[in-house]
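**Q** Prediction below, plus the sequence it came from.
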Amino acid sequence: MKKTIPKSLMALAVIFITISMKLNSQTFKVIADKPVNGTYVLDPALPPDGKYQAGTVVTVTATPNKGFVLDGGYYSVPGRWGQMYTEFMTSPFKVTIDRDKHIGVSFIEKTAVDHINVYQDIVYAKPGVKTLKYDVFSPKGAKNLPCIIIIHGGGWVSNTEDIMRGLARELTRGGRFVVFSIDYRWAQKADGDAVGNTMANIMEDVFGAVAHIMEHAAQYGGDSSKIGLTGDSAGGHLSAACSLMANKIGGAGFGRNPGIFEFKPSYIPANKTVEQLRDEMMTAIKAAAPSYGVFGGNLLNHYSDDPAADNTWKDGVAPISNIPDVKERSVAQYLTRGTVDVLIKDPDVKAFVDALVKAGQRVEYVQVGGANHAFFDWKPDEVTKSTFYKYGVYYAAEMKAFFVSVLCH
């Protein structure tokens, strides 16, 4: 008996074949950014029309000029803050073509990194879709040096620890500190998590990174009993909050019970209880240098979908609402803000300063004349680099002097 294929199935097959053909013939435009102080090669080579077929995996191999080293390879796409970069710290690296992109490579003077050993992508936890990691910048010959931990910005929903490597390199100059630059989960579902991440989750990641760093600091020449935190923008909030709120580490949960807001670190060493970790961090974290940070107000969000979430939940993650009295714990703060910052306003920073002073805490507030937001960032583009050299280098040295005064005696 002869079998026939239903017309509906034949129609679906035709549609599937048509879609597959369209996908296979789809192309995306790639712009190869002009390199400075080195060269790079794309394999396969960029076609004459500047377009690769969708799904093409391009291998990028970088070669620095004499006296230079790889700073980072990248691809970039338009995003929330202009061109958003995904970076690679080794060569060769691979880029999958799935949309229009820029591809490029950044080089830096070898003398900028000769003084340090860099250890990248140290994994500390995986509480969600994203693997959480940090990079270490350790002065050569480091032994028992205080630790500075950098927390990147990006509105709590973008960027990685790579954007802080310029600041990390500056803070290691002079060989006084081992510097760690950490990543964390992005808020809500920005990482692709099925359940959105709250601000409490993000703070738990920061505490987890600190816990992992304390456990392993000695192998990089660090002293786990002397820790300072810094970060910019969203990282400014996180560095201030976690330095002031280490006493809130615990296992009772955030908002699970009315009026109880505690943070359980994403990583806890196997040989410690959460209470032991809390006590150790309260002693070890001695200072913070939040740059153009969010300390309270309308820019701060608890990011919780819990129907019980209200303003007390926002207060639970707000540095300005959780400042310890200096008699309980001293946590010095060094604050910076550009005078033409379009996001962070002077009155909001001054309100935080006043609250710190009222609690008896040491605080310095430096306004950087002419600087806008994010002057401590480091990206491959020349505008970001020139801004960092104009403002970031000098104020990184000032920040370092602050940390020396607190941590180095």
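**A** The structure has been received and is ready for your questions. Residues are numbered from 1 along each chain as shown.
**Q** what about the most centrally placed residue in the chain, distance to Asp162?
**A** Centroid-nearest residue in the chain: His152, 3.0 Å away (criterion: C-alpha atoms, centre = their mean). Separation of His152 from Asp162 (C-beta to C-beta, to the nearest Å): 8 Å. Backbone N, C-alpha and C define where each C-beta goes, glycine included.
**Q** Tell me, please, the helix or strand in this protein that averages the lowest pLDDT.
**A** Every helix and strand of the chain was ranked by mean pLDDT, DSSP states H and E. The lowest is helix 7-25, at a mean of 53.
**Q** any idea which helix or strand comes after that one?
**A** Downstream of helix 7-25, the first helix or strand assigned by DSSP states H and E is strand 27-32.
**Q** Tell me the helices and strands packed up against that following strand.
**A** Judged by 3 or more C-beta pairs under 8 Å, 6 or more residues apart in numbering; DSSP states H and E, strand 27-32 is in contact with strand 51-53, strand 101-109.
**Q** residues making contact with it?
**A** Strand 27-32 has contacts (C-beta atoms under 8 Å, 6 or more residues apart in numbering) with 42, 46, 50-54, 58, 97-104.
**Q** among the helices and strands packed on strand 27-32, which is nearest Gly338?
**A** Ranking the helices and strands packed on strand 27-32 by proximity to Gly338 (C-beta to C-beta) places strand 101-109 first, at 23.7 Å.
**Q** what's the helix or strand for Gly72?
**A** Secondary-structure assignment from DSSP H and E places Gly72 in strand 68-79.
**Q** now the angle from that strand to strand 27-32?
**A** Between strand 68-79 and strand 27-32, the angle comes out at 140 degrees (axes from the mean of the first three to the mean of the last three C-alpha atoms, to 10 degrees).
**Q** List the buried residues in strand 68-79.
**A** In terms of neighbour count (16 or more other C-beta atoms under 10 Å), strand 68-79 has its buried residues at 68-76.
**Q** Within its sheet, name the partner strands of it and how each one runs.
**A** Applying DSSP bridges, strand 68-79 is found paired with strand 82-88 (antiparallel), strand 101-109 (antiparallel).
**Q** Tell me where the chain has helices.
**A** Assigned by DSSP state H, the chain shows helices spanning 7-25, 165-171, 199-216, 234-244, 274-284, 311-315, 346-358, 382-387, 393-407.
**Q** got those helices as JSON lines, with mean neighbour count and distance to Arg337 columns?
**A** What follows is the helices of the chain, written out as JSON lines (neighbours: other C-beta atoms under 10 Å; distance: least, C-beta to C-beta, whole Å):
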{"stretch": "helix 7-25", "mean neighbour count": "10", "distance to Arg337": "48"}
{"stretch": "helix 165-171", "mean neighbour count": "24", "distance to Arg337": "16"}
{"stretch": "helix 199-216", "mean neighbour count": "24", "distance to Arg337": "21"}
{"stretch": "helix 234-244", "mean neighbour count": "29", "distance to Arg337": "9"}
{"stretch": "helix 274-284", "mean neighbour count": "18", "distance to Arg337": "27"}
{"stretch": "helix 311-315", "mean neighbour count": "16", "distance to Arg337": "22"}
{"stretch": "helix 346-358", "mean neighbour count": "16", "distance to Arg337": "5"}
{"stretch": "helix 382-387", "mean neighbour count": "15", "distance to Arg337": "15"}
{"stretch": "helix 393-407", "mean neighbour count": "18", "distance to Arg337": "11"}
